[in-house]
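A.B. asks: fold the stuff below for me.
(2 chains, ligands or ions: 1)
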Amino acid sequence: MSAVKDFNGKVLFLDRSDINTDEIIPAKYLTEITKEALKPNLLEDLSMEGFNPATDLEDKSVIITRSNFGCGSSREHAPWALEVNDINLVIAENFARIFRQNMYNCGMMAVEMSKEDIDTLFSEFSSEEATLTTDLEGGSFTIESVSGKSKTLKFAISGFDRTLVDHGGWVGYADKKY
Amino acid sequence: MGKTIAEKIFDAHMVDSPEEGTFVLNLDRVFCHEITTPIAINDLVSRGMDRVFDPDKIKAVIDHVTPAKDSKTAEQGKIMRDWARRHGIKDFFDIGENGVCHAIFPEKGFVRPGFTVIMGDSHTCTHGAFGAFAAGVGTTDLEVGILKGVCSFKTPESIKINVTGALKEGVYAKDVILSIISKIGVNGATNKVIEFCGPVIESFSMEERMTICNMAIEAGGTCGICPPDQTTVDYLWDFIKEDYSDKTAALADYSKWNSDADASYAEVIEFDVSELEPVVTYGFKPDQVKTIKEMEKTPVDQVYIGSCTNGRIEDLREAAKVLKDQKVADSVRVVLSPATPAIFKQALKEGLIDIFMDAGVCLTNPTCGACLGMSNGVLADGEVCASTTNRNFNGRMGKGGTVHLMSPASAAAAAVSGYITNSALYKG
Ligand code: SF4
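C.D. replies: Next comes the predicted model:
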């Protein structure tokens, strides 16, 4: 059984909806047969003004974004490209189904929050460096900015998604159970 | 309370419900291709679990990059080939017999009404055209599917789209589905099954239904489903005739996979096609749709005809009608990939290949190739492609390239004129 992943760290704010898996990891890297090889190419093709994957990704461990994140291709290379960059948590209004499932299947988290909460996170924290810590048991995130602002927000994931997080993914769980 | 097709399929395949609203289903088919399967195979091997739940229910193909274009894609093919041999997977389609997954698997009769199907490919929703529940999944779901023959899904709420009216000349299934996506949005059916029904769908061939269901994912849908009917039975008859005394008996059996009249839906949408014009996408999302008229004269550098959306024989026939006795404009290059060898052969028999070659079209073997910008027709930075595929994402067919999605007839018209235009202009 793999260990539970780390869901804490500096936040990357992606202020756009409908970010698709081709943008997260372009198809030309789908010929790779190891996850590690995807590391330098995360979000390489993201079209978002002012975003530079070469510098903006550094040290980030959490993504906060808008709606329909991960739409398009089913490629699990998208969560893997996040995982090998030490990003195990994406927070958004909602996700494309396959991407969301892929995240939990890898023991990662794709957490949905209300539009109001997402708006708050963007308006209060996206303009400076912010760090998020996850209290998995308590079901809350605490976000703090370098200037000292802080906020704690509740989140909910289903019991089954939690089981997958606890087992580090679906393969080990399913093999035992079915 | 009655049930939808999807709910009936879930009931019939339920293995477990680990929590309310989550269902583990057993699978009738696990389809595999060489882009998403090798990592699953390698992971199973490294876990010491190199097994398959049932070699007869697993079907595999090398289709995305074939023939291999470099040593990495060669390695992906090799992993698939060795694995298929090792586990006795008989239905494995390699060079010479291979075609685009969502075209070749239906053609071989692998999908039946009421089936559950997964594949590590988002356009697996195509197979819902047969009245099956078919969903794209990631590699981990695929891996568990291969190993145990199960997959978990959330409650299958359905959106019913009742397609009515009469299509104008020059308007096709592709125009219908693009217009539907533009109406409901790229996120409009997320976590839902889209049930396509009504007189227009009933009048559609299986090929047209596949074009429609293929793009359910572009609205976020888990699966598109068309209720099985006489057309479904006729298409499948060669594969099922041992199982039924006659077609009437097959139809009677398949009719159990129809939604009940009092089934409940998340939403019911009436969609009248009578006023539809030929359409095309703009921008980088498949719900950004305009009429061809609005986009008229937009120059293109490349035309691509093929893919799991529109690379079937009917699509080639429509393209050939436009290209007959015409020449590809000097300013464009045209790449055409019949989706399977059987389609290629049929096109040859019907003289379509002659028409294409006389017009100056480059024919490639059946493959995904250019559709996802991996081989056989990648765009250069700043280039524009008129394409019969299903995704216009930024960089989809090559970094910096723009893709306009449209029907095969419209793509062929762009080939002749060099810009987006009405296909009716070129029909003798
Ligand atoms: S033709 Fe394109 S969309 Fe269809 S399976 Fe191949 S790559 Fe995917």
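A.B. asks: quick one: low-confidence parts of chain B?
C.D. replies: Scanning chain B with the threshold set as pLDDT under 70 gives B:428.
A.B. asks: and B:Trp183, how close does it get to the ligand?
C.D. replies: One correction, residue B:183 is Lys, not Trp. According to CB to the nearest ligand atom, to the nearest Å, B:Lys183 stands 22 Å off from the ligand. Every residue, glycine included, has its C-beta placed from N, CA and C.
A.B. asks: so that residue sits in a strand?
C.D. replies: No - when DSSP: H, G, I helix; E, B strand; the rest coil is applied, B:Lys183 is found to be helix, with no strand at that position.
A.B. asks: near the ligand, which residues of the stretch 51-200 of chain B?
C.D. replies: B:64, B:100-102, B:121, B:123 (CB under 6 Å from any ligand atom).
A.B. asks: which ones among those lie within helices?
C.D. replies: When DSSP state H defines the helices, the subset of these inside them is B:101-102.
A.B. asks: now render the residues of the stretch 51-200 of chain B next to the ligand as a markdown table, adding neighbour count.
C.D. replies: What follows is these, written out as a markdown table (neighbours: other CB atoms under 10 Å in any protein chain shown):
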| residue | neighbour count |
| --- | --- |
| B:His64 | 25 |
| B:Val100 | 30 |
| B:Cys101 | 31 |
| B:His102 | 32 |
| B:Asp121 | 28 |
| B:His123 | 29 |
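A.B. asks: export the residues of the stretch 51-200 of chain B next to the ligand to TSV and append columns for distance to A:Arg100.
C.D. replies: Shown next, in TSV, are those (distance: CB to CB, whole Å):
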residue	distance to A:Arg100
B:His64	24
B:Val100	27
B:Cys101	23
B:His102	23
B:Asp121	17
B:His123	18
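A.B. asks: which of the residues of the stretch 51-200 of chain B next to the ligand sits closest to chain A?
C.D. replies: B:Asp121 (5.7 Å; CB to the nearest CB).
A.B. asks: was I right about that closest one contacting B:Cys101?
C.D. replies: Yes - under the criterion of CB atoms under 8 Å, B:Asp121 is in contact with B:Cys101, at a separation of 6.3 Å.
A.B. asks: so what sits against both of the two?
C.D. replies: Among the neighbours of B:Asp121, those also in contact with B:Cys101 (CB atoms under 8 Å, 6 or more residues apart in numbering or on different chains) are B:31, B:33.
A.B. asks: now do the buried residues in the lowest-mean-pLDDT helix or strand in chain A.
C.D. replies: Ranking every helix and strand in chain A by mean pLDDT, DSSP states H and E puts helix A:170-177 at the bottom, with a mean of 85. For helix A:170-177, the neighbour count (16 or more other CB atoms under 10 Å in any protein chain shown) marks A:170-175 as buried.
A.B. asks: and it, what other elements does it pack with?
C.D. replies: With contacts defined as 3 or more CB pairs under 8 Å, 6 or more residues apart in numbering or on different chains; DSSP states H and E, the secondary structure elements packing on helix A:170-177 are helix A:97-105, helix A:159-166, helix B:139-148.
A.B. asks: at 7 Å instead, please
C.D. replies: In this structure, helix A:170-177 packs against helix A:159-166, helix B:139-148, with contacts taken as 3 or more CB pairs under 7 Å, 6 or more residues apart in numbering or on different chains; DSSP states H and E.
A.B. asks: next one: it to chain centre, how far?
C.D. replies: On the basis of CA atoms, centre = their mean, to the nearest Å, helix A:170-177 sits 23 Å off its chain's mean C-alpha point.
A.B. asks: not counting its own residues, what contacts it?
C.D. replies: Outside of helix A:170-177, the residues within contact range by CB atoms under 7 Å, 6 or more residues apart in numbering or on different chains are A:1, A:105, A:163-164, A:167, B:49, B:140, B:143-144, B:147-148, B:150.
A.B. asks: and the angle from that helix to helix A:97-105?
C.D. replies: Between the axes of helix A:170-177 and helix A:97-105, defined by axes from the mean of the first three to the mean of the last three CA atoms, to 10 degrees, the angle is 70 degrees.
A.B. asks: stretch B:158-175 near chain A at all?
C.D. replies: No - using CB under 7 Å from any CB of the partner chain as the criterion, no contacts between stretch B:158-175 and chain A are found, and the smallest distance is 13.7 Å.
A.B. asks: what's the span of that stretch, first residue to last?
C.D. replies: Counting by CA to CA, to the nearest Å, the length from the leading to the trailing residue of stretch B:158-175 is 22 Å.
A.B. asks: how about stretch B:51-69 as CSV, C-alpha atoms only?
C.D. replies: C-alpha atoms of stretch B:51-69 as CSV (Å, rounded to 0.1, in the frame of the first residue of the first chain):
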residue,chain,number,x,y,z
ARG,B,51,-2.7,-10.9,-15.6
VAL,B,52,-5.8,-10.3,-17.7
PHE,B,53,-9.3,-11.0,-16.5
ASP,B,54,-10.5,-12.5,-19.8
PRO,B,55,-8.4,-12.4,-23.0
ASP,B,56,-11.6,-12.7,-25.1
LYS,B,57,-13.2,-9.6,-23.7
ILE,B,58,-10.0,-7.5,-24.2
LYS,B,59,-9.5,-6.1,-27.7
ALA,B,60,-6.4,-4.2,-28.7
VAL,B,61,-5.1,-2.1,-31.5
ILE,B,62,-2.1,0.0,-32.5
ASP,B,63,-3.7,3.0,-34.1
HIS,B,64,-2.4,6.4,-32.8
VAL,B,65,1.1,6.2,-34.4
THR,B,66,1.4,3.5,-36.9
PRO,B,67,3.7,2.6,-38.5
ALA,B,68,5.9,3.7,-35.6
LYS,B,69,7.6,7.0,-36.2
